[in-house]
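**Student:** Need a 3D model of the following:
(one chain, ligands or ions: 1)
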Amino acid sequence: MAEPAALGEKSSVVVLGAGVSGLSAAHALLQRGHAVTLLERGDIGKESSWAGGGILSPLLPWDYDEVVSQLALRSMAGYAAWIEAIEAQAGCNAEFWRCGMRVFGIAHTETALAWCRAHDMEAQPESGQMGASLWLPGIAQVRNPRLVAALREAIVRLGGVIRTHSAAGAVKTASRRVLAIQTTQGSLAAEQFVIATGAWAGVSLPDASNQSDRLAGVPHVRPIRGQMLLFKLEPGVLDTILYRNGLYLIPRRDGHVLVGSTLEDAGFDKSTDDVTRRRLHAEAAELLPALAGLQPIRHWAGLRPGSPDNIPVIDRHPDFDNVFVNAGHYRYGVTLAPASSELLAALMDGTPPPLDPAPYRWQAALQRRWVAPLQPT
Ligand SMILES: Cc1cc2nc3c(=O)[nH]c(=O)nc-3n(C[C@H](O)[C@H](O)[C@H](O)COP(=O)(O)OP(=O)(O)OC[C@H]3O[C@@H](n4cnc5c(N)ncnc54)[C@H](O)[C@@H]3O)c2cc1C
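**Tutor:** Numbering: from 1, shown residues only. Presented below is the predicted three-dimensional model:
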């Protein structure tokens, strides 16, 4: 029998997936007075949201569709305040740091500069030993595992419930409503549901009674693997993000340096390989010679929730009136979290959306296709 989720002043909501997309959605909904339960198959935030780098910007922002820029720039403008509020609620620090990003090897500097001017992004052309570069002083980063921890704590303190090791399975439905989700820990009923299952959001969920596909997966969302290396230097050796030809270095305040990444179409396989480790290490050492004599202290891979053109789906599910989606943020789910969760919560409550929701609609996603072959980057 379905166990009803706790009822709050507003509706009860069950969020599927406790990565940054599910956690930020839960946080936004709790702040609007909903009673929220999060269902996580594994541990909180241990998939893409842990594996990523935490740069708070598209890597070469001028290379993306305006639709991505709108969501990204809104998030970036509000990020410091968003984090500050979460940290205050949680009582812990997510290491937000406006460390800037230096971009080498830009093919069309004038185009990049024109984009920055048009979008109010500070950018200074520079030249040095490594050649010409563009300095973007406003770009920030967050230590994503710490953001996840802060969100988790804030959610719990706001009264949210998080069930880990509880995979969402089949759905019980009636007409255009989902009534309950079966989990490995029993059945959970709610008035509304949010799908935020990252790279798994493209997978349909079956019907509880006959196991046929019932809750269709989000169009074209699929896993795109990214491998990362971690080094440990003395604090201060690197104090800004570096980027060249798809490779980036991200310093943490305690001297850790992350090096990424790859874009690999390898299904749900999170394995790593030595050829990639050596390539990433060699390219990183060209940008930061201090890395040449060191061995990485860790090498891992994560699965991004890939979507064509990096455009997420933030919308009501087309088949069910009480199911919503916040998925497909691909390379920038940490960056896009504040504006995405704000938009999702507005759509769920029927309040004015903070930006035009049309490009993030399910129907819009149906029109998009994966076209370009993936390049290692
Ligand atoms: C190598 C790498 C580098 C990156 N660098 C950056 C960066 O610098 N900046 C940036 O903004 N973004 C970056 N990203 C992208 C970013 O990490 C993702 O876009 C973001 O974390 C996606 O969050 P999510 O919550 O949608 O997915 P996830 O974090 O993957 O969370 C989805 C969750 O759903 C759970 N789940 C799945 N199925 C079920 C089910 N049936 N029942 C219950 N739970 C389920 C999973 O266990 C998982 O915890 C990077 C990603 C990678 C891999």
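**Student:** In contact with W362: list those residues for me.
**Tutor:** When contacts are counted by CB atoms under 8 Å, 6 or more residues apart in numbering, W362 touches V218, P219, V313, D315, R316, H317, P318, V325. For the C-beta atoms, the positions are set from N, CA and C on the backbone; glycine is no exception.
**Student:** confidence score at it?
**Tutor:** Looking at W362, its pLDDT stands at 98.
**Student:** what's the answer for the one 10 residues further on, then?
**Tutor:** Among the per-residue scores, A372 shows a pLDDT of 69.
**Student:** Of the contacts of W362, grab the buried ones for ChimeraX.
**Tutor:** Filtering these down to the buried ones (16 or more other CB atoms under 10 Å) takes a single ChimeraX command:
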select :218,219,313,315,316,317,325
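**Student:** Farthest-apart pair in the contacts of W362, please.
**Tutor:** Using CB to CB, these span at most 13.9 Å, a distance reached by P219 and R316.
**Student:** quick one on the thing from earlier: so can I have CSV of the contacts of W362 showing secondary structure and distance to D356?
**Tutor:** What follows is these, written out as CSV (DSSP: H, G, I helix; E, B strand; the rest coil; distance: CB to CB, whole Å):
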residue, secondary structure, distance to D356
V218, coil, 20
P219, coil, 19
V313, strand, 15
D315, strand, 12
R316, strand, 16
H317, coil, 20
P318, coil, 19
V325, strand, 17
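**Student:** Tell me the helices and strands packed up against the strand or helix carrying S24.
**Tutor:** According to DSSP states H and E, S24 maps onto helix 20-31. Judged by 3 or more CB pairs under 8 Å, 6 or more residues apart in numbering; DSSP states H and E, helix 20-31 is in contact with strand 12-16, strand 35-39, helix 48-51, helix 144-157, strand 192-195, strand 323-327, helix 333-349.
**Student:** could you check the angle helix 144-157 makes with the first one?
**Tutor:** Pointing back at strand 12-16 there. Calculated by axes from the mean of the first three to the mean of the last three CA atoms, to 10 degrees, strand 12-16 forms an angle of 160 degrees with helix 144-157.
**Student:** for strand 12-16, packing partners?
**Tutor:** Going by 3+ CB pairs under 8 Å, 6+ apart, strand 12-16 lies up against helix 20-31, strand 35-39, strand 192-195.
**Student:** I'd like to know which of those is closest to the ligand.
**Tutor:** Closest of the helices and strands packed on strand 12-16 to the ligand is helix 20-31, at 3.4 Å (criterion: CB to the nearest ligand atom).
**Student:** Tell me who's in contact with the closest residue in space to C92 that isn't next to it in sequence.
**Tutor:** Nearest non-adjacent residue to C92, counting by CB to CB, 6 or more residues apart in numbering: A150, 5.2 Å away. A150 makes contact with I83, I86, E87, A90, C92, N93, A94 under the criterion CB under 8 Å, 6+ apart.
**Student:** Could you check the pLDDT of A150?
**Tutor:** Predicted confidence (pLDDT) for A150: 98.
**Student:** Equivalent analysis for D213, please.
**Tutor:** Reading off the model, D213 has pLDDT 80.
**Student:** which strands and helices sit next to whichever strand in the chain runs longest?
**Tutor:** Ranked by residue count and defined by DSSP state E, the top strand of the chain is strand 222-232. With contacts taken as 3+ CB pairs under 8 Å, 6+ apart, strand 222-232 sits against strand 256-260, helix 274-287, strand 298-306.
**Student:** Tell me which stretches of the stretch 101-250 of the chain form strands.
**Tutor:** 101-104, 124-128, 131-136, 161-163, 168-174, 177-183, 186-189, 192-195, 205-206, 213-215, 222-232, 241-244, 247-251 (DSSP state E, counting those that start in this stretch).
**Student:** Of all those strands, which one comes closest to M348?
**Tutor:** Proximity to M348, assessed across the strands of the stretch 101-250 of the chain by CB to CB, is greatest for strand 192-195 (6.3 Å).
**Student:** quick one: strands adjacent to the closest one?
**Tutor:** Partner strands and pairing direction for strand 192-195 (DSSP bridges) are strand 12-16 (parallel), strand 323-327 (parallel).
**Student:** thought T335 was touching I55?
**Tutor:** Yes. The pair T335 / I55 is scored as a contact, 7.2 Å apart, by CB atoms under 8 Å.
**Student:** Comparing these two, which residue is more hemmed in?
**Tutor:** Neighbour count, other CB atoms under 10 Å: between T335 and I55, T335 has more, with 28 against 24.
**Student:** got the contact list for the most centrally placed residue in the chain?
**Tutor:** Note on the chain: the residue nearest the mean C-alpha position is G333, at 1.9 Å, using CA atoms, centre = their mean. Residues near G333 by CB under 8 Å, 6+ apart: G19, V20, S21, S48, S49, G52, G198, R304, P305, P312.
**Student:** All good on my end, thank you.
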